[in-house]
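> predicted model follows, preceded by the sequence.
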Amino acid sequence: MDDKMDQCEFAHVPIVFLKVLKNIQVYPKKHPLISQSLDRFMALIQEHEGLSLEVNKGYLYVNTDRVEITAANYVFIRLTIQTFNIIELREVEFLTGLVEREHLYRFFSAMAKAKSYNELLALLEKEGVIGVITRRSSESSEEGVRERAKKLYFHTIKVIKSFFEGKKREASLIKMKAAASYLTDLLRHSEEALMGLTVIKNYDDYTYNHCLNVAILSLALAMRTGMERRLLVSLGTGALVHDIGKVKIPISIINKPNKLTDDDWMMVKRHPIEGLSMVLDQWGISRDIAHILPAIVEHHLGMNYFGYPEWLRKKETSILAGIIHVTDFYDAVTTPRVYNKRPMAPVEAMQYLLDNSGIRFNPVLVKLFLNVMGFYPVGSVVKLSTGEWAMVVEKPSHSSYLDRPVVVVVADENGDPLPPRKVSLEDGEVRIVGASSQSPWNMGLDPMEVALYSFEEQ
Ligand SMILES: [Fe+2]
Ligand SMILES: [Fe+2]
């Protein structure tokens, strides 16, 4: 290798990338040059625990590092940028542990054929390519990110539903891990957009929404611990299916409006164990699910021998289960249910977590969760300095403005409804002067409507 290339660890990535592409354009599938170049590319993905190539303002970035131009790679960088620009591709990411050799081949074949970004997407869809994420050049805007967040949110609900309904093909382990990876990726680019959607609680069956919200909140929390990507994907996957065992509980108990009997409780408390056996049934035993299983079995176990299954109580649970224990509590108590028509307001739920920090909940995780949610979590109903009432729809984009989120004004000072109006409190004079102890439902608001309105308004 050229000495100069050693200066940048990614200098040779565009060379390997283009070699695969050119070989696939020229040779038939079984040609040894194709398998050699694919093997090399696969090794790069594994070595760097995932690989992303991005073209931005005429430069090529690999895993967010600008690729240094050398005499040996100059032409390859130029050609890669050209190839991306022709089909309006801004970024492609190959996810480690998810993208298989065959899927890599299908991706490059699609790249070789596509004449536009839409054509590329259609080919990837047709070939069922998993583990490769693409982004169009125009998607860099905030609008593009919001659109992607919304699509991903509702698509993931469908994936969870398939899994809960026992559809093996549509909800294989690899598809669920892919969903967790996409969530991780989008959270990294724009946490605000996905977090804003967690106020949606009852779009379809409550449990699907709940599992998705718990996955988003858990990943946002875990990212603040510096957790490595592979473990993040396990956490996301575990969270997406953590309540699968509930399908074994009779619906009459799940939706019982009055107090549960001791026998009912016995049934409910079995769901982590039922979940474990269902996941094993569907996905079998593999190294891949080693971290996913404790996230399912231990998610109702807290510190100091708190929670269930009682026979599994221990001093320390897995970190993944500890995270889900916090986010699961938060999402559950802020959601209206048949037996709980007056859910907690987000600020009230945060206060409960703080009051029980170090008693039931891991104090470090509670602190990090506070950092994720901010002073006024999305879904909070707040009073503004103008006297008007508003719902928080987006966290502040900057940590120095923790008390200045984006809100949608919903009522005047007397509580009479106003046409919705989106306001960013980051600029201007308007401030929050207090938070209501009522959840949006108790004030006659549908948070899903408000959240989706805010997504349409710029
Ligand atoms: Fe649960
Ligand atoms: Fe749960």
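Everything's here; your move. Residues are numbered from 1 along each chain as shown. Ligands and ions are numbered 1, 2, ... in the order given.
> send the alpha carbons of the longest helix seen in the chain over as PDB?
Using DSSP state H, we find that the single longest helix of the chain is helix 142-164. Coordinates of each C-alpha in helix 142-164 appear next as PDB, following Å, rounded to 0.1, in the frame of the first residue of the first chain:
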ATOM      1  CA  GLU A 142     -34.700  19.100   8.400                       C
ATOM      2  CA  GLU A 143     -37.900  18.400   6.400                       C
ATOM      3  CA  GLY A 144     -36.300  15.200   5.000                       C
ATOM      4  CA  VAL A 145     -35.300  14.000   8.400                       C
ATOM      5  CA  ARG A 146     -38.800  14.500   9.800                       C
ATOM      6  CA  GLU A 147     -40.400  12.700   6.800                       C
ATOM      7  CA  ARG A 148     -37.900   9.800   7.400                       C
ATOM      8  CA  ALA A 149     -38.700   9.700  11.100                       C
ATOM      9  CA  LYS A 150     -42.400   9.500  10.500                       C
ATOM     10  CA  LYS A 151     -42.100   6.800   7.900                       C
ATOM     11  CA  LEU A 152     -39.700   4.800  10.100                       C
ATOM     12  CA  TYR A 153     -42.000   5.100  13.100                       C
ATOM     13  CA  PHE A 154     -45.100   3.800  11.400                       C
ATOM     14  CA  HIS A 155     -43.100   1.100   9.400                       C
ATOM     15  CA  THR A 156     -41.600  -0.200  12.700                       C
ATOM     16  CA  ILE A 157     -45.000  -0.500  14.300                       C
ATOM     17  CA  LYS A 158     -45.900  -2.800  11.400                       C
ATOM     18  CA  VAL A 159     -42.800  -4.900  11.900                       C
ATOM     19  CA  ILE A 160     -43.500  -5.200  15.700                       C
ATOM     20  CA  LYS A 161     -47.100  -6.200  14.800                       C
ATOM     21  CA  SER A 162     -45.900  -9.000  12.500                       C
ATOM     22  CA  PHE A 163     -43.700 -10.300  15.200                       C
ATOM     23  CA  PHE A 164     -46.400 -10.300  17.800                       C
END
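> residues in contact with the residue nearest the centre of the chain?
The residue lying closest to the centre of the chain (C-alpha atoms, centre = their mean) is residue 183, at 2.5 Å. Residue 183 is in contact with 152, 156, 194, 215, 216, 219, 236, counting by C-beta atoms under 8 Å, 6 or more residues apart in numbering. Any C-beta I mention is one placed from the backbone N, CA and C, and that applies to glycine too.
> got these as CSV, with secondary structure and distance to residue 206 columns?
Conversion of the contacts of residue 183 to CSV gives the following (DSSP: H, G, I helix; E, B strand; the rest coil; distance: C-beta to C-beta, whole Å):
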residue, secondary structure, distance to residue 206
152, helix, 20
156, helix, 15
194, helix, 19
215, helix, 15
216, helix, 16
219, helix, 21
236, helix, 20
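> make JSON lines out of these and add neighbour count.
What follows is these, written out as JSON lines (neighbours: other C-beta atoms under 10 Å):
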{"residue": "152", "neighbour count": "20"}
{"residue": "156", "neighbour count": "23"}
{"residue": "194", "neighbour count": "25"}
{"residue": "215", "neighbour count": "28"}
{"residue": "216", "neighbour count": "28"}
{"residue": "219", "neighbour count": "26"}
{"residue": "236", "neighbour count": "28"}
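> and residue 179, how far from residue 104?
Using C-beta to C-beta, to the nearest Å, one gets 20 Å for the distance from residue 179 to residue 104.
> okay, those two: which has more neighbours?
Higher neighbour count among residue 179 and residue 104: residue 179, with 25 against 20, using other C-beta atoms under 10 Å.
> buried set for the helix or strand where that one lies?
Using DSSP states H and E, residue 179 falls within helix 173-189. By 16 or more other C-beta atoms under 10 Å, the buried positions in helix 173-189 come out as 173-187.
> could I get the CA-only coordinates of it as PDB?
Only the C-alpha atoms of helix 173-189 are listed here, as PDB (Å, rounded to 0.1, in the frame of the first residue of the first chain):
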ATOM      1  CA  LEU A 173     -34.500 -11.700  13.900                       C
ATOM      2  CA  ILE A 174     -32.600  -9.900  11.100                       C
ATOM      3  CA  LYS A 175     -35.600  -7.700  10.200                       C
ATOM      4  CA  MET A 176     -36.100  -6.800  13.900                       C
ATOM      5  CA  LYS A 177     -32.300  -6.000  14.200                       C
ATOM      6  CA  ALA A 178     -32.500  -3.900  11.000                       C
ATOM      7  CA  ALA A 179     -35.400  -1.900  12.600                       C
ATOM      8  CA  ALA A 180     -33.300  -1.300  15.700                       C
ATOM      9  CA  SER A 181     -30.400  -0.300  13.500                       C
ATOM     10  CA  TYR A 182     -32.500   2.200  11.500                       C
ATOM     11  CA  LEU A 183     -33.800   3.700  14.800                       C
ATOM     12  CA  THR A 184     -30.200   4.000  16.100                       C
ATOM     13  CA  ASP A 185     -29.000   5.700  12.900                       C
ATOM     14  CA  LEU A 186     -31.900   8.200  12.800                       C
ATOM     15  CA  LEU A 187     -31.500   9.000  16.500                       C
ATOM     16  CA  ARG A 188     -27.800   9.800  15.800                       C
ATOM     17  CA  HIS A 189     -28.800  12.200  13.000                       C
END
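> quick check: angle from it to helix 142-164?
Using axes from the mean of the first three to the mean of the last three C-alpha atoms, to 10 degrees, the direction of helix 173-189 lies 150 degrees away from that of helix 142-164.
> mean confidence score for helix 173-189?
For helix 173-189, the mean per-residue pLDDT is 85.
> measure residue 241 to residue 76 for me?
Look at residue 241 and residue 76: by C-beta to C-beta, they are 42 Å apart.
> higher neighbour count, the two?
Per other C-beta under 10 Å, whichever of residue 241 and residue 76 has more neighbours is residue 241, with 25 against 22.
> for the residue in the stretch 1-150 of the chain positioned nearest to ligand 2, which non-adjacent residue is spatially closest?
Distances between the stretch 1-150 of the chain and ligand 2 by C-beta to the ion are smallest at residue 149, namely 22.2 Å. Nearest non-adjacent residue to residue 149, counting by C-beta to C-beta, 6 or more residues apart in numbering: residue 193, 3.8 Å away.
> may I have stretch 303-322 as CSV, with CA atoms only?
The C-alpha trace of stretch 303-322 is given here as CSV (Å, rounded to 0.1, in the frame of the first residue of the first chain):
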residue,chain,number,x,y,z
MET,A,303,-32.7,-2.4,42.1
ASN,A,304,-32.8,-3.8,45.7
TYR,A,305,-34.6,-7.0,44.7
PHE,A,306,-37.6,-5.0,43.3
GLY,A,307,-40.1,-6.4,40.8
TYR,A,308,-40.7,-9.8,39.1
PRO,A,309,-40.3,-12.6,38.3
GLU,A,310,-39.7,-13.0,42.1
TRP,A,311,-37.6,-16.1,41.8
LEU,A,312,-35.2,-14.2,39.5
ARG,A,313,-34.7,-11.2,41.9
LYS,A,314,-31.0,-10.4,42.2
LYS,A,315,-28.9,-7.6,43.3
GLU,A,316,-27.9,-6.5,39.8
THR,A,317,-29.7,-6.9,36.6
SER,A,318,-28.2,-6.5,33.1
ILE,A,319,-27.6,-2.9,32.1
LEU,A,320,-29.9,-3.3,29.1
ALA,A,321,-32.8,-4.5,31.3
GLY,A,322,-32.0,-1.6,33.7
